[in-house]
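Chemist: Quick one: sequence and predicted model below, then my questions.
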Amino acid sequence: MGRLKDKVAIVTGGGAGIGRATAMRCAEEGAKLVVTDRDGEAAEATVASLPEGSEAIALWHDVADEADWTAVMDRTLERFGRLDVLVNNAGIQLTCGLEETSLADWRKVFAVNAEGPFIGTRLAVERMKETGGGAIVNVCSTYALIADPLNAAYCASKAAARHFTKAAALYCAEKGYGIRVNAVHPGVVMTPMLEREIADVAAERGLPDTKPVEEEWGKICPLGIGQPEDVAAGIVYLASDDAKYVTGADLEIDGGHIIR
Ligand SMILES: NC(=O)c1ccc[n+]([C@@H]2O[C@H](COP(=O)([O-])OP(=O)(O)OC[C@H]3O[C@@H](n4cnc5c(N)ncnc54)[C@H](O)[C@@H]3O)[C@@H](O)[C@H]2O)c1
């Protein structure tokens, strides 16, 4: 408790899944929070569920939209006066074969998963450097590290966000800004995103229920399917001063997914 005491944090995609669990954990650790989501009502619901006494606001925000980002930064500074932590969590998945992936699909996935973290990081750096530093955590994926035949755009967008993380970490270190930039790579985590995917596969196979697909997914990672809180714990570590000597790192929170 108290690892993020008085730090001001933005969590994107905070209306569900890993973002929601991260917002909850950040609040428990004492952060003042800006929870954003393109589903603004979901962001509001997350804020409403935070522990009593939490200082938090919810904002409608499409991470693919630069003007939205500027508004989020302005509102954060207006409300809390500074920015210490940015968690670029919002992401979308597109599971389909290479031959079925259109250029529009590819661009849509990149706009959210790769351009979103870029815009957010650039704007956050501008603000954090004025107040002595901060921490940025980009939620990528084990699919940034290993490939999947049915996720070409997703894998490539996450690999782009991962490598961007390292370039940004180096840039900030060389400038002496005191800003650390790290990547977290979840494996298979039970969130609405995964539930949708499991339901789609079950429907495609004409199965009456999703259980067999869930069991199959459970075998992907040696430790089975993870929970959003497992990822939130790693994000909070990287956002906190406990990680003050960690930058440009890959933290796999994947139940051993990539060691096979
Ligand atoms: N769940 C997994 O197994 C898994 C595995 C690896 C990586 N990830 C990554 O973790 C992150 C969170 O995933 P999740 O499983 O919690 O997803 P989710 O779909 O359950 O929740 C994502 C949240 O982000 C919001 N969002 C989507 N697009 C947005 C946009 N353009 N702007 C703002 N908000 C947006 C959604 O409204 C939703 O509230 C994503 O970046 C995802 O790629 C998830």
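Modeler: That came through, no problem. Keep in mind that this is a model prediction, so the values were computed, not measured. Numbering: from 1, shown residues only.

Chemist: Contact residues of the stretch 101-250 of the chain facing the ligand?
Modeler: 112, 139, 141, 186, 188-189, 191-194 (Cβ under 6 Å from any ligand atom). C-beta: built from backbone N, CA, C; applies to glycine.

Chemist: Pick the one among these closest to L98.
Modeler: Within these, proximity to L98 (Cβ to Cβ) peaks at S141, which comes in at 18.0 Å.

Chemist: what ranges do the strands span in the stretch 101-250 of the chain?
Modeler: 134-139, 179-186, 250-253 (DSSP state E, counting those that start in this stretch).

Chemist: now the angle from the longest one to strand 134-139?
Modeler: Angle between the axes of strand 179-186 and strand 134-139 is 20 degrees (criterion: axes from the mean of the first three to the mean of the last three Cα atoms, to 10 degrees).

Chemist: Could you provide the residues of the stretch 101-250 of the chain next to the ligand in a markdown table, with additional columns for pLDDT and neighbour count?
Modeler: Converted to a markdown table, these look like this (pLDDT from 0 to 100; neighbours: other Cβ atoms under 10 Å):
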| residue | pLDDT | neighbour count |
| --- | --- | --- |
| V112 | 98 | 20 |
| V139 | 99 | 27 |
| S141 | 98 | 29 |
| P186 | 98 | 30 |
| V188 | 98 | 22 |
| V189 | 98 | 22 |
| T191 | 98 | 20 |
| P192 | 97 | 13 |
| M193 | 96 | 17 |
| L194 | 97 | 19 |
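
Chemist: Let me know the distance separating G116 from A183.
Modeler: Distance of G116 to A183, computed by Cβ to Cβ, to the nearest Å: 14 Å.

Chemist: Could you double-check that Y237 lies in contact with I253?
Modeler: No: taking contacts as Cβ atoms under 8 Å, Y237 lies outside contact range of I253: 9.9 Å.

Chemist: ok, these two, which is more surrounded?
Modeler: I253 (21 against 17; other Cβ atoms under 10 Å).
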